[in-house]
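1. Just need the structure, nothing else, for what follows:
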Amino acid sequence: MVTRLKLKYFLSEAEGTFSLVARCPKTHALGVCVSSATIAVGSAVPHVEPNVGALAVQGYTNFFLGVNGLKLLRSGHPPEDVINTLLKGDPLKEMRQISIIDSLGRKAAFTGRETLEWRGHIIGENCVAAGNALVSEKVLEAMVNAFEMAEGEWLAERLMRSLEAGGKAGGDRRG
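-> Model (predicted):
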């Protein structure tokens, strides 16, 4: 109990994070973009494998959830089953946030109740936006809208437009 309380106190000082996992229906390219004030976020949150899928694991991040998530996707499990399998028995489940899109365009997301407010996710046509410690849901709405409005551009460009839109919509609630 003491460890969990200390952990929750530490996390209350953590920075907000917003991300988008996406797939281009024409090229079948997969990608993840993420913004966070946490250093080295790129080594923990995004997980992508060509012809398999893309995941973002944030909140109280566990690198191995991303590794195991790709393994499950590679074995043919749909994204919703992947999330359920990853979080089954996880004592920190409610502190996690996971979004997934697979190579077939199937999508799923989970936002734990103990991630920092404002928290949530939005499933778009070819993407999933997720975030915590945000100013409002408008951050994720702007991300999905920017991604979808840039249809026809390269996936990398669409991902960058999404991040820029999330930042312009307010991003992290603490600035």
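
2. Determine the three-state secondary structure at the most centrally placed residue in the chain.
-> Geometric centre of the chain, nearest residue: residue 56, 3.7 Å, by Cα atoms, centre = their mean. Assigned by DSSP: H, G, I helix; E, B strand; the rest coil, the conformation of residue 56 is strand.

3. Show me the longest helix that occurs in this structure.
-> Longest helix in the chain by number of residues (criterion: DSSP state H): helix 155-168.

4. Okay, buried residues for that one please.
-> 155, 158-163, 165-166 (16 or more other Cβ atoms under 10 Å). The C-beta positions use only the backbone N, C-alpha and C, and glycine is treated the same way.

5. wait, doesn't the residue nearest to the centre of the chain sit right on residue 101?
-> No - between residue 56 and residue 101 there is no contact under Cβ atoms under 8 Å: 9.6 Å.

6. Now do the shared contacts for these two.
-> 21, 128 (Cβ atoms under 8 Å, 6 or more residues apart in numbering).

7. wait, doesn't residue 42 sit right on residue 34?
-> Yes - the pair formed by residue 42 and residue 34 meets the contact definition of Cβ under 8 Å, at 7.0 Å.

8. Which of those two has more residues huddled nearby?
-> A direct count of neighbours by other Cβ atoms under 10 Å for residue 42 and residue 34 places residue 34 higher, at 21 against 11.

9. my guess is that one meets residue 56, correct?
-> Yes - judged on Cβ under 8 Å, residue 34 makes contact with residue 56 at a distance of 6.1 Å.

10. Can you pull the residues that touch both of those two?
-> Common neighbours of residue 34 and residue 56 (Cβ under 8 Å, 6+ apart) are 19-20, 45-46.

11. What about those, which are in strands?
-> Cross-referencing the shared contacts of residue 34 and residue 56 against strands under DSSP state E gives 19-20, 46.

12. Next, residue 80: secondary structure please.
-> From three-state DSSP, the assignment for residue 80 is helix.

13. the bottom helix or strand of the chain by mean pLDDT?
-> helix 2-12 (a mean of 40; mean pLDDT, DSSP states H and E).

14. could you pull out the strands for the chain?
-> 17-23, 30-36, 46-49, 53-59, 96-102, 107-111, 120-123, 127-132.

15. what bits of this structure have low per-residue confidence?
-> For the chain, the stretches with pLDDT under 70 are 1-15, 175.

16. neighbours around the closest residue to residue 80 other than its chain neighbours, how many?
-> Leaving aside its sequence neighbours, residue 80 sits nearest to residue 108 (Cβ to Cβ, 6 or more residues apart in numbering; 4.3 Å). For residue 108, the count of nearby residues is 20 (other Cβ under 10 Å).

17. Appreciated, that's everything.
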